[in-house]
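> Predicted model and sequence follow; I will ask about them next.
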Amino acid sequence: MFQNSTGAKTMSVHVQIEEFHRPRDLAQAVEILSRFGRKASVIAGGTDVLPLRPGVKKMDNINHLVDISKLGLTYLEKETDCIRIGAATHINMIGASPLFLSGPYRALSEAANGHSTTTIRNRATVGGNLCNASPCADFALPLLVLDAILVAAGPKGKREIPIRDFFKGPNYMALETDEVLLEIRIPQCSEKAGAAFVKLRRQQTAIDMAVVNVATFLICHKGRCEVARIALGAVGPIAFRAKKAESVLAGAEINKEIIEEAAAAAAKEARPIDDIRATAAYRKKMVGVLVRRSLENSIRRCG
Amino acid sequence: MKKIDIKIQVNGTWHELTVDPGERLVDVLRDQLDLTGTKEGCGEGECGACTVNLNGKAVLSCLMLAVQADNCTILTIEGLQKGPELHPLQKAFVGEAAVQCGYCTPGMIMAANALVNNEPEVTDDIIRQHLSNNLCRCTGYEGPVKAVLKAAREIEEGTHV
């Protein structure tokens, strides 16, 4: 408590919220979201929602928060045909899980351990990272190259959204205001697949989001590339797949020259802007470097 | 505005509190419980001055609403010392002169406390990574890193009481 200029004691409430809703189940969460529409936001860890205070960014009209952190959405489960990640799973759980230590899934632990700082990762969730829909969201990239399916629930029931259709623009994604992201499904990959995530940032602190981040996925057999996927972040309005760079690799024999060619093609596909973190020209150059490194790591991990 | 009743355990004592929906954990610790050891720096998750332990993990109390801590166990700098002796981390911070203005110190020590409690083998590198969410603008990081390493060794060997 502190004294303000009129001498009255005031509480330092920094976040202007009318009501914090704690729904007992998913149906109730959806009902509350339907009732308040654009005035409501889902909250899980809160590390993206809470810094967006009134007057700062987009939280101006939001005064209802709907807590989904206690709806049983915190889990990592391996099925025969996929891995299921609950939307409210903390990022440090992904970074520490044995599920993501090898093969193509390693791109996920690299994204987890490269995300913000460990203190934030104890609260931040993978679903929040996706739904905030930042162009530099770390999880967007490994999930794009792993062809993840997102499962959401709304008043009309559940629906599946391929991750390539999820991001619509900066801080804007495919969910309706009354929908909740429930789960991320990662289809079982070929044993011959390898993937990697690489991120460039200035310092290991939360404020330093990616200057550029990249994930790549390859299936190689006898020195030939069968499948190539490359995703780029922080170099366009949304994270996206660099299809031209992918087509350079698909079907080609893997060697140093073809990797350089694909990296150069990816740099061409990048559409970065100048901002506080880097210039567009620097970002474009770094896309080439990061794609090359990520491809080299992916090749090493191919079975 | 709809107020909410919560129950939190802070430094071993359960508190039943009524909070505003937008009141952050750091606000409640400092303003309602008078635990002003926890500092607010940037208020947006960049500096780490407000770090506390929530259910044994280091979290930022400025990036969390008090209502989100309902039914949780919280440890702040005030609850670290058990008995008459300072906690090994506190002693080591004093011994290594790892404190100058002191504003970042409670957050740094609470981040370090979660580390030494959860990490079986603490190394210089792990400490640096772990404290990277705690900004210090006066001493640099040599002192804090040395202090945490010293305290971790002492705790591992069980030489502290």
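Sure thing, it's come through. Numbers count the residues shown, from 1 in each chain, chains lettered A, B, ... in the order given.

> Determine which residue lies closest to the centroid of chain B.
Central residue of chain B (C-alpha atoms, centre = their mean): residue B:110, 2.6 Å from the mean position.

> Identify the residues contacting the residue nearest to residue B:80 when sequence neighbours are not counted.
Excluding the flanking residues, the one nearest residue B:80 by C-beta to C-beta, 6 or more residues apart in numbering or on different chains is residue B:87, at 4.4 Å. For every residue, glycine as well, the C-beta is placed using N, CA and C. Residues near residue B:87 by C-beta atoms under 8 Å, 6 or more residues apart in numbering or on different chains: B:80, B:81, B:109, B:113, B:151.

> what about the closest residue to chain B within the stretch 51-200 of chain A, how many neighbours?
Nearest to chain B in the stretch 51-200 of chain A, going by C-beta to the nearest C-beta, is residue A:117, at a distance of 3.6 Å. When neighbours are counted by other C-beta atoms under 10 Å in any protein chain shown, residue A:117 registers 25.

> tell me the domain boundaries of chain A?
Here the domain assignment for chain A is A:12-67, A:76-186, A:193-301, based on automatic domain parsing.

> Out of those domains, which gets the lowest mean score?
Lowest mean pLDDT within the domains of chain A: domain A:12-67, at a mean of 85.

> And residue A:99, how far from residue A:105?
6 Å (C-beta to C-beta, to the nearest Å).

> One more: residue B:33?
Residue B:33 sits 43 Å away from residue A:105, going by C-beta to C-beta.

> circling back: quick one: which of residue A:99 and residue A:105 has more around it?
Between residue A:99 and residue A:105, counting by other C-beta under 10 Å, residue A:105 is the more crowded of the two (23 against 15).

> wait, the more buried one sits on residue A:186?
Yes. Shown here, residue A:105 and residue A:186 form a contact pair, counting by C-beta atoms under 8 Å, at 7.3 Å.

> overlap in contacts of the two?
Both residue A:105 and residue A:186 are in contact with A:83, A:146, where contact means C-beta under 8 Å, 6+ apart.

> Which residues are in contact with each of residue A:99 and residue A:105?
Contact with both residue A:99 and residue A:105 is made by residues residue A:83, according to C-beta under 8 Å, 6+ apart.

> Count the residues that sit near residue A:164.
The number of residues near residue A:164, taken as other C-beta under 10 Å, comes to 14.

> That one is in contact with residue A:144, isn't it?
Yes. Here residue A:164 reaches residue A:144: they are 6.7 Å apart, a contact under C-beta under 8 Å.

> For chain B, what lies in contact range of chain A?
B:1-2, B:4, B:20-24, B:27, B:31, B:43-46, B:48, B:51, B:54, B:57-60, B:62-65, B:67-68, B:111, B:129-130, B:132-133, B:135 (C-beta under 8 Å from any C-beta of the partner chain).

> okay, the domains of chain A in a markdown table with distance to residue B:72 next?
Shown next, in a markdown table, are these (distance: least, C-beta to C-beta, whole Å):
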| stretch | distance to residue B:72 |
| --- | --- |
| domain A:12-67 | 13 |
| domain A:76-186 | 12 |
| domain A:193-301 | 22 |
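
> just so I know, which of the ones you listed lies nearest residue B:16?
With C-beta to C-beta as the criterion, residue B:16 lies closest to domain A:12-67 of these, at 16.6 Å.

> do that closest one and chain B meet?
Yes. Contact between domain A:12-67 and chain B, assessed by C-beta under 8 Å from any C-beta, occurs at A:12-20, A:22, A:43, A:46-47, A:50-51, A:65, A:67.

> starting at the chain centroid, how far to that domain?
Centroid separation between domain A:12-67 and its chain, computed with C-alpha atoms, centre = their mean, to the nearest Å, is 20 Å.

> distance of the closest residue to residue A:283 other than its chain neighbours from residue A:286?
Once flanking residues are discounted, residue A:283 sits nearest to residue A:272: 3.8 Å by C-beta to C-beta, 6+ apart. Applying C-beta to C-beta, the value for residue A:272 to residue A:286 is 9 Å.

> quick one: common contacting residues for those two?
A:212, A:278.

> Would you state the strands of chain B in chain order?
For chain B, the strands defined by DSSP state E cover B:4-10, B:13-19, B:51-54, B:57-60, B:73-75.

> Compare these and report which one is nearest to residue A:253.
strand B:57-60 (48.0 Å).

> The closest one pairs with which strands, parallel or anti?
Sheet pairing for strand B:57-60, assigned by DSSP bridges, gives strand B:51-54 (antiparallel).

> neighbouring contacts of the partner strand?
By C-beta under 8 Å, 6+ apart, strand B:51-54 touches A:119, A:122, B:25, B:29, B:38, B:58-61, B:64, B:69, B:72-76, B:106-108, B:110-111, B:113-114, B:133-134.

> if you set the cut-off to 6 Å instead, what comes out?
B:38, B:58, B:61, B:72, B:74, B:75, B:76, B:107, B:110, B:111, B:114 (C-beta atoms under 6 Å, 6 or more residues apart in numbering or on different chains).

> Might one say that residue A:263 is in contact with residue A:291?
Yes. Residue A:263 is within contact range of residue A:291, at 4.3 Å (criterion: C-beta atoms under 6 Å).

> three-state assignment of the spatially closest residue to residue A:113 that is not a sequence neighbour?
What sits nearest to residue A:113 in space, not counting adjacent residues and going by C-beta to C-beta, 6+ apart, is residue A:95, at 4.5 Å. State at residue A:95, reduced to three classes by DSSP: H, G, I helix; E, B strand; the rest coil: helix.

> So residue A:160 lies in a strand, does it not?
Yes. Applying three-state DSSP, one finds residue A:160 inside a strand.

> okay, now the domains of chain B?
In terms of domains, chain B is parsed into B:4-79, B:88-157 (source: automatic domain parsing).

> Give me whichever of those is most buried.
Ranked by mean neighbour count under mean count of other C-beta atoms under 10 Å in any protein chain shown, the domains of chain B are led by domain B:4-79, which reaches a mean of 21.

> End to end on that domain, go ahead and measure it.
End-to-end distance of domain B:4-79: 25 Å, with C-alpha to C-alpha, to the nearest Å as the criterion.

> Centre of the chain to that domain, how far?
Chain-centre distance of domain B:4-79: 10 Å, with C-alpha atoms, centre = their mean.

> and the residue nearest to residue A:160 when sequence neighbours are not counted, how many residues sit next to it?
Once flanking residues are discounted, residue A:160 sits nearest to residue A:149: 5.2 Å by C-beta to C-beta, 6+ apart. Residues near residue A:149, counting by other C-beta under 10 Å, number 18.

> my read: residue A:149 touches residue A:159, true?
No. Counting by C-beta under 6 Å, residue A:149 does not reach residue A:159; the two are 10.4 Å apart.

> quick one, helices of chain B?
B:25-27, B:88-95, B:105-118, B:124-130, B:142-157 (DSSP state H).

> Of the contacts of residue B:87, just say which sits nearest to residue A:182.
Closest approach between the contacts of residue B:87 and residue A:182, by C-beta to C-beta: residue B:113, at 34.7 Å.

> any idea how far the closest residue to residue B:25 other than its chain neighbours is from residue B:6?
Once flanking residues are discounted, residue B:25 sits nearest to residue B:61: 4.0 Å by C-beta to C-beta, 6+ apart. The gap separating residue B:61 from residue B:6 is 14 Å, by C-beta to C-beta.
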